[in-house]
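Asker: the sequence and its predicted three-dimensional model are supplied below.
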Amino acid sequence: MCEQPEQIVLFPTTHEQENPTFHVEASLAEDFLEFLKQKGLSAWEPPQKLDKVGPDHRRIIELKLEAETPQHNLEELLEQFRSLHKLT
């Protein structure tokens, strides 16, 4: 059985990247951004289409959030979204 690739990936902050960042398949980006807005979060800058594509040549959107957003909160929200959209 073939394992499905992740449709949303959270990249934590580092010394080089202050803002937590999600890479989201384009087909989910609008719903995910709306979900984050409903939870009181917004993108730090407008979502960006990346030149690279994900597995199966799916377009990837980059969402950067405010630097102060706690990592564990983002992980919990990601799990909630996955559960709501049956992505787990």
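Answerer: In hand now; what should we look at?

Asker: pLDDT weak spots in this protein?
Answerer: The chain contains residues with pLDDT under 70 at 1-4, 53-55, 88.

Asker: quick one: which helix or strand includes the residue positioned nearest the centre of the chain?
Answerer: In the chain, the centroid-proximal residue (CA atoms, centre = their mean) is residue 22; its distance is 3.0 Å. Using DSSP states H and E, the element containing residue 22 is strand 21-25.

Asker: so what's the residue nearest to the centre of the chain up against?
Answerer: 8, 9, 10, 11, 32, 62, 63, 65, 74, 78 (CB atoms under 8 Å, 6 or more residues apart in numbering). Where C-beta positions appear, they are placed from N, C-alpha and C, glycine not excepted.

Asker: let's see it at 6 Å
Answerer: Neighbouring residues of residue 22 by CB atoms under 6 Å, 6 or more residues apart in numbering: 8, 10, 63.

Asker: from these, pick the one nearest residue 36.
Answerer: residue 63 (7.7 Å; CB to CB).

Asker: name the SS class of the closest one, please.
Answerer: At residue 63, secondary structure determined by DSSP: H, G, I helix; E, B strand; the rest coil is strand.
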